[in-house]
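Asks: Following is a predicted model, sequence given first.
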Number of protein chains: 2
Amino acid sequence: MKQPPLHRLGAADAARLLARREIRAVDLVRSCLDRIDEREPEIHAFVHLDADAALEHARRLDTGALHGLLHGLPLGVKDLFDTYDMPSSYGSPIYAGHRAMADAAVVAICREAGAVVLGKTVTTEFATFKPGPTRNPFDLARTPGGSSSGSAAAVADCMLPLALGTQTAASIVRPAAYCGVVGFKPSFGRVPRSGMKLLSESLDTVGCFGRSVEDAALMGAALTGDKDLLVQGMPELRGLRIGLFQGTAWDRVSPETVQLWEELVARMNAEGIVARDVPIPSWFSGLSDLQADVMAVEASMSLSDELRRHPELLSANLMTMLEKGQQTDGRTHSQNMVVASAAKAKAFELFRDHDVLLAPSAAGEAGWAHEGTGDPMYGRSWSLIGLPCLHLPLGRGKHGMPLGFQLIGKAFGDANLLSVGASIQRQFGSL
Amino acid sequence: MKQPPLHRLGAADAARLLARREIRAVDLVRSCLDRIDEREPEIHAFVHLDADAALEHARRLDTGALHGLLHGLPLGVKDLFDTYDMPSSYGSPIYAGHRAMADAAVVAICREAGAVVLGKTVTTEFATFKPGPTRNPFDLARTPGGSSSGSAAAVADCMLPLALGTQTAASIVRPAAYCGVVGFKPSFGRVPRSGMKLLSESLDTVGCFGRSVEDAALMGAALTGDKDLLVQGMPELRGLRIGLFQGTAWDRVSPETVQLWEELVARMNAEGIVARDVPIPSWFSGLSDLQADVMAVEASMSLSDELRRHPELLSANLMTMLEKGQQTDGRTHSQNMVVASAAKAKAFELFRDHDVLLAPSAAGEAGWAHEGTGDPMYGRSWSLIGLPCLHLPLGRGKHGMPLGFQLIGKAFGDANLLSVGASIQRQFGSL
């Protein structure tokens, strides 16, 4: 009887088989490593791989007691996180070969839950703009998006079932959209950042990629220590209240995106979902610009040592952003932070009449790799106000590249967001 | 003509003399090093000193162009911050001898502004409870407070004019109170934490110690890049509206603290300050407990690698807190975070009728060193809601130990808090 190869298993399915000892972690890891061997020369998702250590870890898990939620699951770690046993370079030549003394908190949490770290995945420079070598598995001439480029591409290409990412502007949602995977950015403040290279204090958020909402939720539950995030019973679609939030850059989305949106809304209405347009509140309209300003100021502070000791090793685009940040006066930045705080408080109002919001994740299909990692406009506002975001792949564009939308939950409503997302994906995931 | 030794100069005075090249940085550094030589065997403020590097840096500053706000000023760095040229051990044997590859952002910012780092100051274990060896300069049998023990003691004892600290519960305000110096905790999110060992994401705040408000403000301006924080014109006291916020643990303060409070209020009224009691709002009363719960959960996540790989090297008290954190379920923590967010929004109301609040910083004088670093109760709520805090030394208790109070400003109202604080210190600092 011919089985599909193990590397095609989603995380939740694999976790069930591993927990029942019906498959071995070492075989799953080996299958993923074989897939990586085959595909990595074209995809370039990894900056570091440690096959031997991963196989040895998997063997120990196979013979030992069951660990936690991620027992035996291969994991990719965005190279913005420290690892005690692999180099951590943050996408910058400044840190080439750098070895940290400890795992980042989330890496330790995943290992403690039984995950097997296969390697470090490509990040853009300090999670900003300068693309790494990673290509989109759907078309090698196109970008996987950034900054979590390698994590999204590796999961999309079945090199791994799960990978860690981070988002400051749109660095989880955009690569998830371009690569056609699920991307989950939890509520700001829900997942620890210790041992992650910080770029922007009030924005950087740790999240993950999987090929289904159930998979991303499994990892979300591990990362937060909150089993409520696991997708168990999925809510009925009938009566669900979804706010249709086209946002401030709808005029820039592609015709296929508009078409997919309209098709989805019609199908949702047909299923008895109460899907209503949400007008853009006045307090929301300036948030994208505000996010860019806050990010520039905070990045210019976070990267103070690099600016001081290694300015020649920073890319020109990054330097431009850092200089913009340095030129922003303190009073303006303080006012911006107060406005951002007020917006966070106001955001609760969006969820009085809606269980979740639906919003664009990107303008459309992934662009050419040589043109950069794409426009982060569709993530900025949500990153600024810290709401949990869940990208769902829902269709294809005219070039055969993935399209989809994000669901937005209220602050710390991650569990509800994930269970609604699972229902939506089950019903509409093959639009 | 006999001059007082240079190490007694406050930061702002020294900065003026240095900028006019009336004193040399190398002489100021040498004077501080001499003071350290003399006093360190009793105070134990440092875990690492690098006299040669400091003198060399000072010499370069003396012959080169003027740097920034801190040109030539000796600085102590709490050993919770990474330094590329000195060990960074975070008060834990796990990191004994650890060398980071980069400066923490705030260390780089201070060096870029011209500060001369003399060494790393004692922190309690990961900025929690386990005392280091530091003693209170006013009485060697007493605690300097924690967790920024070495920084507060070194500034109090004139080993340094300025030092970096951090506060998660009360780790700037309490040691400032016990050691009789000014402690400034800026608004949460105002100062970058990159390269600091994170304990509690939503609470950890970088701040500083000086011997006057003007000194602390100078460093605050450097740390935030906001020159509005410099104390220039001090506001008139007449008409200033100060809310008297005794808070939720007033029943535990010492009789001397009550007496100093009443004396100060009478003096303030006599100067025409509008000082009115602020009843404790209902949303405020549970915040201290909430802070302790949030801190335990976040610390248990931030220290995941240490818990996983080196549990035997964590102290018993820290382990107790981490286990409490691990046992808190995700739903409770999420609810706590939502309540904390709501309290941050509500806190703006406190400043409708008040320019700043006056609140206790500690129960009273510093206790015996062998009994621990004292009660953080008076800082917890303010740390949770992220307001800027400024401790002012204002008197002495019956054992001759320092007493004082903290002023609280509204979020991102740091500049106003400092200028009001400077006026208050000038008028009442020698109560």
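Replies: Looks like it arrived, so ask away. Values in this document were obtained by computation on a predicted structure and should not be read as measured data. Residues are numbered from 1 along each chain as shown, chains lettered A, B, ... in the order given.
Asks: switch to C-alpha atoms for all contacts and neighbour counts from now on
Replies: Fine.
Asks: Enumerate the residues of the stretch 251-400 of chain A near chain B.
Replies: Within the stretch 251-400 of chain A, the positions adjacent to chain B are A:298, A:301-306, A:308, A:329-331, A:334-335, A:337-338, A:341-342, A:345 by Cα under 8 Å from any Cα of the partner chain.
Asks: Strands of the stretch 1-150 of chain A, start to end?
Replies: For the stretch 1-150 of chain A, the strands defined by DSSP state E, counting those that start in this stretch occupy A:46-49, A:74-78, A:116-121.
Asks: how about the strands of the stretch 301-431 of chain A, start to end?
Replies: All strands of the stretch 301-431 of chain A, identified by DSSP E, counting those that start in this stretch, fall at A:356-360, A:389-396, A:402-408.
Asks: Can you give the strand pairings for the second one, parallel or anti for each?
Replies: In this case it means strand A:389-396. With DSSP bridges as the test, strand A:389-396 is paired with strand A:182-185 (antiparallel), strand A:402-408 (antiparallel).
Asks: which regions of the stretch 1-150 of chain A sit below the pLDDT cut-off?
Replies: Applying pLDDT under 70 to the stretch 1-150 of chain A flags the ranges A:1-2.
Asks: how about the residues of it that lie near chain B?
Replies: Within reach of chain B by Cα under 8 Å from any Cα, the stretch 1-150 of chain A has these residues: A:His98, A:Ala100, A:Met101, A:Ala102, A:Asp103, A:Ala104, A:Ala105, A:Val106, A:Val107, A:Ala108, A:Ile109, A:Glu112.
Asks: would you turn those residues into TSV with neighbour count?
Replies: What follows is these, written out as TSV (neighbours: other Cα atoms under 10 Å in any protein chain shown):
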residue	neighbour count
A:His98	16
A:Ala100	21
A:Met101	17
A:Ala102	19
A:Asp103	26
A:Ala104	24
A:Ala105	28
A:Val106	29
A:Val107	29
A:Ala108	27
A:Ile109	26
A:Glu112	21
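Asks: Show me which of those is closest to B:Ser383.
Replies: A:Ala105 (22.5 Å; Cα to Cα).
Asks: Just the buried residues out of the residues of the stretch 251-400 of chain A next to chain B, in ChimeraX syntax.
Replies: Buried members of those, defined by 16 or more other Cα atoms under 10 Å in any protein chain shown, are picked up in ChimeraX with:
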select /A:298,301,302,303,304,305,306,330,331,334,337,341,345
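Asks: among the residues of the stretch 251-400 of chain A next to chain B, which are in helices?
Replies: Using DSSP state H, the members of these that fall in helices are A:298, A:301-302, A:304-306, A:308, A:330-331, A:334-335, A:337-338, A:341-342, A:345.
Asks: what sits against A:Leu69?
Replies: A:Ala15, A:Ala113, A:Gly114, A:Leu218, A:Met219, A:Ala222 (Cα atoms under 8 Å, 6 or more residues apart in numbering or on different chains).
Asks: So what's the residue count around the third one?
Replies: As a burial measure, A:Gly114 scores 23 neighbours (other Cα atoms under 10 Å in any protein chain shown).
Asks: next one: the last one
Replies: When neighbours are defined as other Cα under 10 Å, A:Ala222 has 25 of them.
Asks: for the first one, same thing?
Replies: A count of nearby residues for A:Ala15, using other Cα under 10 Å, gives 22.
Asks: is it true that it touches A:Gly72?
Replies: Yes. Counting by Cα atoms under 8 Å, A:Gly72 is a contact partner of A:Ala15 at 7.3 Å.
Asks: show me what contacts the residue nearest the centre of chain A?
Replies: Using Cα atoms, centre = their mean, the residue of chain A that lies closest to the mean C-alpha position is A:Ile172, 2.7 Å off. By Cα under 8 Å, 6+ apart, the contact set of A:Ile172 is A:Gly146, A:Ser147, A:Ser148, A:Ala152, A:Gly165, A:Thr166, A:Gly183, A:Phe184, A:Lys185, A:Gly207, A:Cys208, A:Phe209.
Asks: Dump these into JSON lines; add neighbour count as well.
Replies: Below are the contacts of A:Ile172 laid out as JSON lines (neighbours: other Cα under 10 Å):
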{"residue": "A:Gly146", "neighbour count": "37"}
{"residue": "A:Ser147", "neighbour count": "35"}
{"residue": "A:Ser148", "neighbour count": "37"}
{"residue": "A:Ala152", "neighbour count": "43"}
{"residue": "A:Gly165", "neighbour count": "33"}
{"residue": "A:Thr166", "neighbour count": "29"}
{"residue": "A:Gly183", "neighbour count": "33"}
{"residue": "A:Phe184", "neighbour count": "33"}
{"residue": "A:Lys185", "neighbour count": "32"}
{"residue": "A:Gly207", "neighbour count": "30"}
{"residue": "A:Cys208", "neighbour count": "31"}
{"residue": "A:Phe209", "neighbour count": "36"}
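Asks: Among these, name the ones in helices.
Replies: Using DSSP H, A:Ala152 are the members of the contacts of A:Ile172 that sit in helices.
Asks: if we can go back for a sec, looking at the strands paired with strand A:389-396, spot the one closest to B:Gln427.
Replies: Closest approach to B:Gln427 among these is made by strand A:182-185 (50.7 Å; Cα to Cα).
Asks: How about the stretch 151-300 of chain A: which residue is closest to chain B?
Replies: A:Asp226 (4.3 Å; Cα to the nearest Cα).
Asks: Show me where the stretch 151-300 of chain A has its helices.
Replies: Remark: helices assigned in the stretch 151-300 of chain A by DSSP state H, counting those that start in this stretch are A:173-179, A:213-224, A:255-270, A:287-302.
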